[in-house]
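**Q** got a structure for you, letters missing:
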């Protein structure tokens with residue numbers, strides 16, 4: 001049996017998916033641990049709070065009514081906010097299909113690639129970075145699989161033909177060319193954009209656009225329209241274009257990732273609810289509980305081995321139950337303190353974030369700072385807007401400055417966007433001391449393009 005102190009710390013640090021797997025393993029291993037049924041939302045599975053689902057917002061129109069032999073779905077017992085009684089209930093409209101870009105790509109490659117190429121293609125997909133680019137050298141991958149580089153390039157082209165367009169590119173130029181090649185647009189702007197990106201990329205990257213029209217034999221307005229096509233129709237971050245096939249059926253802006261904490265707005269106040277990792281309430285099995293009571297009272301005719309087995313199973317179950325309750329109560333307390341301190345941020349956005357540290361949260365809660373650090377690690381919170389953010393966002397003192405960098409990078413004070421140095425100077429005049437390289441780092445984190453590409457927009 002794992003000591004209670006250590007198990008409590010381990011459970012506190014676990015993310016929701018990891019905890020779900022851990023609890024299922026404990027249920028399979030410990031016969032004294034069972035799950036009691038609780039009222040669940042039939043739409044998304046979250047535990048109901050006073051008849052209301054904190055996950056998808058569905059509500060039980062009559063919580064006291066017994067469902068009888070049927071589940072009440074056909075009788076309209078369950079309603080959704082914003083839906084009139086005349087409108088039909090579309091169950092799939094409330095489902096956000098779990099998925100990832102890697103799964104989406106591998107599903108396509110299993111259909112389009114031969115058995116011989118599939119393993120290498122799936123490896124290439126696994127190597128893609130968060131933006132959908134392949135950064136690994138082809139020579140190393142070819143050596144790993146014992147194939148030639150031309151063979152590997154052929155398989156890479158197969159990956160680059162998948163949806164979303166642009167994945168598998170090795171640089172921005174190749175990414176844009178892939179998208180242009182897959183586009184069914186037959187306009188003059190698209191044709192000229194492909195020529196510019198393919199044959200005059202250096203001129204574009206160095207912003208030598210004054211003579212580009214002369215080289216192409218077109219007027220400057222045509223060049224501007226072609227560059228506008230690049231800006232409006234092509235995506236420098238192809239992975240961000242990924243959408244699940246079911247996403248069109250989910251009108252709510254809902255994350256595929258189940259958050260650890262759900263935040264709801266009730267009037268002027270914010271309330272936090274910790275997501276349950278399992279579909280029921282963990283409890284000690286009734287027979288084991290009775291046998292354990294007999295052992296404590298020194299009754300019954302159990303052998304020593306049976307006594308040890310019953311005692312260990314029941315104590316392990318109780319330790320796990322207490323650890324889960326400790327995690328839930330600690331997460332809720334941390335979330336309550338964050339919401340109390342960062343209410344303006346939740347309501348008005350990143351620019352209203354206040355400086356906050358985990359040490360300050362720990363002081364307010366009367367616990368050690370390490371407890372807050374464990375609880376907040378890799379945890380997420382769904383805001384009333386539907387956006388899911390990491391707990392770390394609330395402790396990011398640079399977030400308001402990043403938001404200013406994003407706003408300034410979008411401005412064109414003299415008909416042109418500002419460089420990183422100019423943004424730094426503007427922030428310095430606002431009383432924010434920041435170096436140009438720090439502005440560049442924040443801009444990259446925000447996925448804002450460098451000056452030369454914003455000039456072309």
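**A** Looks like it arrived, so ask away. Given the structure is predicted, the values throughout are model-derived calculations rather than measurements. Numbers count the residues shown, from 1 in each chain.

**Q** Please make it C-alpha for all contacts and neighbour counts, starting now.
**A** Will do.

**Q** Do I have it right that residue 12 meets residue 374?
**A** Yes - using C-alpha atoms under 8 Å, residue 12 makes contact with residue 374 at a distance of 6.3 Å.

**Q** more crowded one of those two?
**A** Set side by side, residue 12 and residue 374 show more neighbours around residue 12, with 25 against 17, by other C-alpha atoms under 10 Å.

**Q** Quick one: residues contacting that one.
**A** Residues near residue 12 by C-alpha atoms under 8 Å, 6 or more residues apart in numbering: 323-324, 326-327, 374-375.

**Q** Which of the helices or strands spans it?
**A** helix 4-13 (DSSP states H and E).

**Q** Can you give me the buried ones in that helix?
**A** 4, 7-9, 11-13 (16 or more other C-alpha atoms under 10 Å).

**Q** what's downstream of it, the next helix or strand?
**A** Next along from helix 4-13, by DSSP H and E: helix 16-29.

**Q** now that next one against helix 4-13, angle please.
**A** Put simply, helix 16-29 runs at 140 degrees to helix 4-13, going by axes from the mean of the first three to the mean of the last three C-alpha atoms, to 10 degrees.

**Q** hang on, the earlier thing: I'd like the buried residues of helix 4-13 laid out as a markdown table, including distance to residue 141 and pLDDT.
**A** Shown next, in a markdown table, are the buried residues of helix 4-13 (distance: C-alpha to C-alpha, whole Å; pLDDT from 0 to 100):
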| residue | distance to residue 141 | pLDDT |
| --- | --- | --- |
| 4 | 46 | 62 |
| 7 | 41 | 85 |
| 8 | 43 | 84 |
| 9 | 41 | 87 |
| 11 | 39 | 90 |
| 12 | 39 | 90 |
| 13 | 36 | 89 |
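
**Q** Let me have those in JSON lines, extended by distance to residue 192.
**A** Compiled in JSON lines, those are given as follows (distance: C-alpha to C-alpha, whole Å):
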{"residue": "4", "distance to residue 192": "68"}
{"residue": "7", "distance to residue 192": "63"}
{"residue": "8", "distance to residue 192": "62"}
{"residue": "9", "distance to residue 192": "60"}
{"residue": "11", "distance to residue 192": "58"}
{"residue": "12", "distance to residue 192": "57"}
{"residue": "13", "distance to residue 192": "54"}
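
**Q** from the residues you listed, which single one is nearest residue 20?
**A** residue 11 (10.5 Å; C-alpha to C-alpha).

**Q** Surely that closest one is in contact with residue 20?
**A** No - with contacts counted by C-alpha under 8 Å, residue 11 stays clear of residue 20, the gap being 10.5 Å.

**Q** Can you list the neighbours in contact with the helix or strand containing residue 150?
**A** Take DSSP H and E as the rule and residue 150 turns out to sit in helix 149-160. Residues outside helix 149-160 that contact it (C-alpha under 8 Å, 6+ apart) are 105, 109, 113, 117, 120-121, 124-125, 138-139, 142, 166-169, 178.

**Q** and residue 135, how many neighbours does it have?
**A** Count around residue 135 with other C-alpha under 10 Å applied: 14.

**Q** now do residue 25
**A** Residue 25 - counted by other C-alpha under 10 Å - has 11 other residues nearby.

**Q** Report pLDDT for it.
**A** The score at residue 25 is 91. That number is its pLDDT.

**Q** which stretches of the stretch 151-300 of the chain have low pLDDT?
**A** 205-210, 241, 243-257 (pLDDT under 70).

**Q** switch the cut-off to 50
**A** 246-255 (pLDDT under 50).

**Q** number of nearby residues for residue 443?
**A** 19.

**Q** Quick check: which element contains it?
**A** Per DSSP H and E: helix 436-445 holds residue 443.

**Q** List the contacts of that helix.
**A** So helix 436-445 is in contact with 402, 405-406, 420-421, 423-424, 449, going by C-alpha under 8 Å, 6+ apart.

**Q** Could you give the backbone dihedrals for the residue lying farthest from the centre of the chain?
**A** Distance to the chain centre peaks in the chain at residue 301, reaching 54.7 Å (criterion: C-alpha atoms, centre = their mean). Note on residue 301: its backbone torsions stand at phi -120, psi 40 [degrees, to the nearest 10].

**Q** That one and residue 445: what is the separation?
**A** For residue 301, the distance to residue 445 equals 67 Å [C-alpha to C-alpha, to the nearest Å].

**Q** next one: residue 20
**A** On the measure of C-alpha to C-alpha, residue 20 and residue 445 end up 31 Å apart.

**Q** of those two, who's got more company?
**A** residue 20 (15 against 10).

**Q** ok, now which ones touch the more buried one?
**A** Counted by C-alpha under 8 Å, 6+ apart, residue 20 has contacts 277-278.

**Q** helix, strand or coil for residue 165?
**A** Classification of residue 165 using DSSP: H, G, I helix; E, B strand; the rest coil returns coil.
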